[in-house]
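*Asks:* The following block contains a protein sequence and its predicted model.
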Amino acid sequence: MNPPNRFSHDSVPGAAEETLRLIASLPAPEGLEERVHSALRAAPRTARILHWPVALTSSSAWMRSSAMRSAAAAAIVCVVAGGGWSIYSRVQPPKVIAMPAHVAAPGGFSNAGAMRTPQTLNGPVVKHPVPKPAHAKTTARTAPTPLHRGQPVAAQAPKPPAPPAN
Amino acid sequence: MEIANSAVNDQARQHAEETTLAALVSQYSGTLYRVAFSVLRNAADAEDAVQEAFMRVLRHRDTLGEVRDQRVWLVRIVWNIVLDRKRRAKTRPETDDVTELTRVLPAAGLSAEERAAAAQHHAHVLACVEKLPAKEREVLMLSAFEELSSVEIASVLAITESSVRSRLFRARNLMAGLLNHSRSVR
């Protein structure tokens, strides 16, 4: 038994409740069941589970032999591998890499036709010998013996005399 | 032997499913028709909806054993069907409620004029019901079925029982306002 409908009808306007109840209690038309039964009988029942043919069921003899099973598995592997290879050999990846066309941003500043030059590595810089002026040669000749390159000038200056000993 | 056994089992299972389906048709076709008619308000459309519901059951008869409450399950199926049909039929001109109600409503002890007046009144009430929001309208219509409890209505609409109660409360208030407004306009 179902629990009774606990929605009391006292708070609802009587007219609406009466109308809805009246419609909800209308009897079904005569012969509805028979028509539904006949429709169900006429419905196609082909959408059932597929049944394997008897020759392919696991109970048949050929499937029990391990050699036959291995041969069938090997044949399946060959077919799959051959199909994959045939597809691979026909469809080769394209050699040309398509670059997307440069699209200028609408509404922005234009580049005024400037082209970007890629920054490359600096090549070797050839230094041409700079000719020295003539007076530099003469001064070089009259100059005293050159200072030792390893020592600073202050180190090559004459040392002050030692203080007298007491 | 295995094949023979499985074939016998299949036949037995199929026979059991057909018996269950026939029992469902005999037991619930009337209920489903009334649910469908309360929404569609057209006898032919309601019958079509009942047939479609049982066709769906036929398609899923393998799962019949898993259904806990077959009556609520069937009501839910036909409810979804009629709502879908009504949604699709919105583009078509509305059903003439007055004519259809005059035809189907019981007319015991009523004159022709009284029948026409009663049909007009019911059509007016149903027009007010149609103005309700969908959620409230659905609960109000299902609550008119005495054989459906609040728990079952909640199950059909896939909501909680407290939602059913709150929606029904709002529906009644809205209905009262609509009917009072129409009376004052007259």
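*Replies:* Great, that's in hand.
*Asks:* Now do the host helix or strand of B:V72: everything it contacts.
*Replies:* Per DSSP states H and E, B:V72 falls inside helix B:70-88. Helix B:70-88 has contacts (Cβ atoms under 8 Å, 6 or more residues apart in numbering or on different chains) with B:24, B:28, B:31-32, B:35-36, B:39-40, B:45-46, B:49-50, B:52-53, B:56-57, B:64, B:67, B:138, B:142, B:148, B:152, B:155-157. No exception for glycine: its C-beta is placed from N, CA and C like everyone else's.
*Asks:* let's see 6 Å
*Replies:* B:28, B:32, B:35-36, B:39-40, B:49, B:52-53, B:56, B:67, B:152, B:155-156 (Cβ atoms under 6 Å, 6 or more residues apart in numbering or on different chains).
*Asks:* Which residue in those residues has the weakest pLDDT?
*Replies:* The member of the contacts of helix B:70-88 with the lowest pLDDT is B:V67, at 80.
*Asks:* roughly how far apart are it and chain A?
*Replies:* 16 Å (Cβ to the nearest Cβ, to the nearest Å).
*Asks:* count of neighbours near the spatially closest residue to that residue that is not a sequence neighbour?
*Replies:* Spatial nearest neighbour of B:V67, chain neighbours left out: B:W73 (4.8 Å); criterion: Cβ to Cβ, 6 or more residues apart in numbering or on different chains. Counted with other Cβ atoms under 10 Å in any protein chain shown, the neighbours of B:W73 add up to 18.
*Asks:* any idea of the pLDDT on B:W73?
*Replies:* 90.
*Asks:* Where does the prediction get shaky in chain A?
*Replies:* Within chain A, the ranges that satisfy pLDDT under 70 run A:1-14, A:45-64, A:93-107, A:134-166.
*Asks:* residue ranges of the helices in it, please?
*Replies:* A:14-24, A:32-42, A:66-90, A:134-142, A:153-156 (DSSP state H).
*Asks:* follow-up on the earlier one: what about the residue nearest to B:V67, distance to chain A?
*Replies:* 14 Å.
*Asks:* Contact residues of chain B facing chain A?
*Replies:* B:2, B:25-26, B:29-30, B:33-34, B:38, B:51, B:54, B:58, B:122, B:125, B:143-146, B:149-150, B:172, B:175-176, B:179 (Cβ under 6 Å from any Cβ of the partner chain).
*Asks:* Please indicate which of these are buried?
*Replies:* Among the residues of chain B next to chain A, those buried by neighbour count (16 or more other Cβ atoms under 10 Å in any protein chain shown) are B:25, B:29-30, B:33-34, B:38, B:51, B:54, B:58, B:122, B:125, B:143-145, B:149-150, B:172, B:175, B:179.
*Asks:* In chain B, which helix is the longest?
*Replies:* Max-length helix for chain B by DSSP H is helix B:2-40.
*Asks:* just how off-centre is that helix within its chain?
*Replies:* 20 Å (Cα atoms, centre = their mean, to the nearest Å).
*Asks:* could you give the angle of that helix to helix B:70-88?
*Replies:* Interaxial angle, helix B:2-40 versus helix B:70-88 (axes from the mean of the first three to the mean of the last three Cα atoms, to 10 degrees): 60 degrees.
*Asks:* Just the buried positions in helix B:2-40, please.
*Replies:* Within helix B:2-40, judged by 16+ other Cβ under 10 Å, the buried ones are B:17, B:21, B:24-25, B:28-40.
*Asks:* Check stretch A:33-48 too.
*Replies:* A:E33, A:R35, A:V36, A:H37, A:A39, A:L40.
*Asks:* same check, this time on stretch A:68-79
*Replies:* In stretch A:68-79, counting by 16+ other Cβ under 10 Å, buried: nothing.
*Asks:* cool, and stretch B:115-123?
*Replies:* Neighbour-count burial for stretch B:115-123 [16+ other Cβ under 10 Å]: B:R115, B:A118, B:A119, B:H122, B:A123.
*Asks:* Please identify which of those is nearest to chain A.
*Replies:* The closest of the buried residues of stretch B:115-123 to chain A turns out to be B:H122 (Cβ to the nearest Cβ; 4.6 Å).
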